[in-house]
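J.: okay, predicted coordinates and the sequence, questions at the end:
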Amino acid sequence: MISDVSRRTLLALAAATAATAPWPALAQGARKPSVVTTTAMLADAVRMLAGEQVAVEALMGEGVDPHLYRPTRADIVKLTQADLVIAHGLGLEAQFRETFQQLARQRAPLLAAEAIGRDQLLKDEEVADKPDPHVWMDPALWTVVVRAVAERLAGLDLPGRTKLTPDLAPVLTRLEALGAYAGQVLGSIAPERRVLVTAHDAFGYLARAYRFEVHGIQGLSTESEAGLRAIEATVDLVVQRRLPAIFVESSVSDRNVRAVIEGAARRGHTLVVGGELFSDAMGKPGTYEGTYVGMIDHNVTTIARALGGAAPEKGMSGRLTG
């Protein structure tokens, strides 16, 4: 873990190095513009938009919790040397506050999700004036983020380089098809079963978009543990509503979920794990689930099948692996 003092020192040194470098490789046309993103979802948006025109890297990969992740020394160097830094914003990267402030003195990062109008954001009921950052769960909202990324990529002006040409239209078409598929399969679940119980409250935007009730054992952030009262309240919910399934998440410990299952069993109700959902991180790089479209396809297909809806086993395009 990097102390605040060493982080400030490292940021200053890296910024000074980046500021004095004349980007000779750019002048010679020897390298692609470099884009560093915090989350893999944002890196995937860059790849969909710009393809081979850029070199993009995400700091947080499979199974990483962005609420808890702290930037390493290597991360800070990458951020300060990148031609463009794209972060999510809305308080998601809670441990990056000072890093973003320092970066802004050199080259302000794009906080892409903050392009969404405040009136479209859900609020964190536990923290005043704090929005729910999990906007990627609604493909319609994610299009706003993708548009913001495309605009910044198109405006990236580097010496000796041809301007980037993001291919936005086909990306928006894919996101529209994804949203339509999600509406179809989630809409096939009986209304009384449209209750999504998960490890933490990351699915509020999905619930709002597709008329679900959602209950996370923890709140919007995973920075604090769920207490006994929260677990007991969840047990009460699943027993009273006779819910068939609860869902674990790839980037969050399943400890609280297991406690709810055991609590329900003690009260004579059988509750099963309906599947593992991708909440704050996508699947393994190089797989379909390791893309944004694959992530949401997996989630909505898994939810629909576990709660009695009609969804193809292999998902929207027959590419789901399990």
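T.: Good, I have the coordinates.
J.: quick one, strands of this structure?
T.: Secondary structure of the chain (DSSP state E): strands at 34-37, 55-58, 84-87, 110-111, 195-200, 213-218, 245-249, 272-277.
J.: CSV for those strands, including distance to Asp75?
T.: Glycine gets a C-beta too; all of them are placed from N, C-alpha and C. Shown next, in CSV, are these (distance: least, CB to CB, whole Å):
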stretch, distance to Asp75
strand 34-37, 8
strand 55-58, 10
strand 84-87, 11
strand 110-111, 17
strand 195-200, 24
strand 213-218, 25
strand 245-249, 23
strand 272-277, 26
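J.: look up how far Leu178 lies from the residue nearest the centre of the chain.
T.: When CA atoms, centre = their mean is applied to the chain, the residue found nearest the centroid is Asp280 (4.4 Å). Asp280 is 19 Å from Leu178, where distance means CB to CB, to the nearest Å.
J.: now swap in Ala265 and tell me
T.: Ala265 is 36 Å from Leu178, where distance means CB to CB.
J.: neighbour-wise, which of the two wins?
T.: Leu178 (23 against 12; other CB atoms under 10 Å).
J.: which residues are in contact with Val54?
T.: Lys32, Pro33, Ser34, Val35, Val46, Leu153, Leu164 (CB atoms under 8 Å, 6 or more residues apart in numbering).
J.: try it again at 6 Å.
T.: Lys32, Pro33, Val35 (CB atoms under 6 Å, 6 or more residues apart in numbering).
J.: compare those and tell me which is most surrounded.
T.: Counting by other CB under 10 Å, top hit in the contacts of Val54: Val35 with 27 neighbours.
J.: run through the stretch 151-300 of the chain and note the low-pLDDT ranges.
T.: Applying pLDDT under 70 to the stretch 151-300 of the chain picks out residues 219-226.
J.: residues in contact with the longest helix seen in the chain?
T.: Taking DSSP state H as the criterion, the chain has its longest helix at helix 168-187. Identification of contacts with helix 168-187 by CB under 6 Å, 6+ apart yields 48-49, 139-140, 143, 146, 150, 210, 293, 296, 300, 304, 309, 311, 316.
J.: would you mark the buried spots in it?
T.: Buried residues in helix 168-187, counted by 16 or more other CB atoms under 10 Å: Leu168, Val171, Arg174, Leu175, Leu178, Gly179, Tyr181, Ala182, Gln184, Val185, Leu186.
J.: coming back round to it: ok, so of the contacts of Val54, who is nearest Val248?
T.: Closest approach between these and Val248, by CB to CB: Val35, at 31.8 Å.
J.: does the closest one have beta-bridge partners, and which?
T.: Val56, Leu84 (DSSP bridges).
J.: that one and Ala55 touch, don't they?
T.: No: counting by CB atoms under 6 Å, Val35 does not reach Ala55; the two are 7.1 Å apart.
J.: could you report the neighbour count for the nearest residue to Ala207 once chain neighbours are set aside?
T.: Leaving aside its chain neighbours, Ala207 sits nearest to Val214 (3.9 Å; criterion: CB to CB, 6 or more residues apart in numbering). Per other CB under 10 Å, the neighbour tally for Val214 reads 18.
J.: for the one 3 residues further on, same thing?
T.: Around Ile217 there are 24 other residues, counting by other CB under 10 Å.
J.: ok, Val197 touching His215?
T.: Yes: counting by CB under 6 Å, Val197 touches His215, with 4.9 Å between them.
J.: between these two, which one's more packed in?
T.: Val197 (22 against 19).
J.: who does the residue nearest to Arg241 when sequence neighbours are not counted form a beta bridge with?
T.: Nearest residue to Arg241, sequence neighbours excluded (CB to CB, 6+ apart): Val195, at 6.0 Å. Bridge pairing for Val195 (DSSP bridges) gives the partners Glu213.
J.: and Val195, how far from Leu277?
T.: Distance, Val195 to Leu277, by CB to CB: 14 Å.
J.: ok, the two, which is more surrounded?
T.: Taking other CB under 10 Å, Val195 and Leu277 do not tie; Leu277 has more neighbours (25 against 20).
J.: how far away is that one from Ala182?
T.: 13 Å.
J.: confidence score at the closest residue to Thr287 other than its chain neighbours?
T.: Nearest in space to Thr287, with sequence neighbours left out and distances taken as CB to CB, 6+ apart, is Thr321 at 6.3 Å. Per-residue confidence for Thr321 comes out at a pLDDT of 91.
J.: for Trp23, same thing?
T.: pLDDT, Trp23: 35.
J.: before we move on, what about the one 3 residues further on?
T.: Reading off the per-residue confidence, Leu26 sits at a pLDDT of 37.
J.: repeat for the one 3 residues further on
T.: We have a pLDDT of 50 for Gly29.
J.: could you do the one 3 residues further on as well?
T.: As predicted, Lys32 sits at a pLDDT of 89.
J.: circling back to that earlier point, any idea how many residues pack against the residue nearest to Thr287?
T.: 12.
J.: ok, Leu243 - contacts?
T.: Counted by CB under 6 Å, 6+ apart, Leu243 has contacts Val195.
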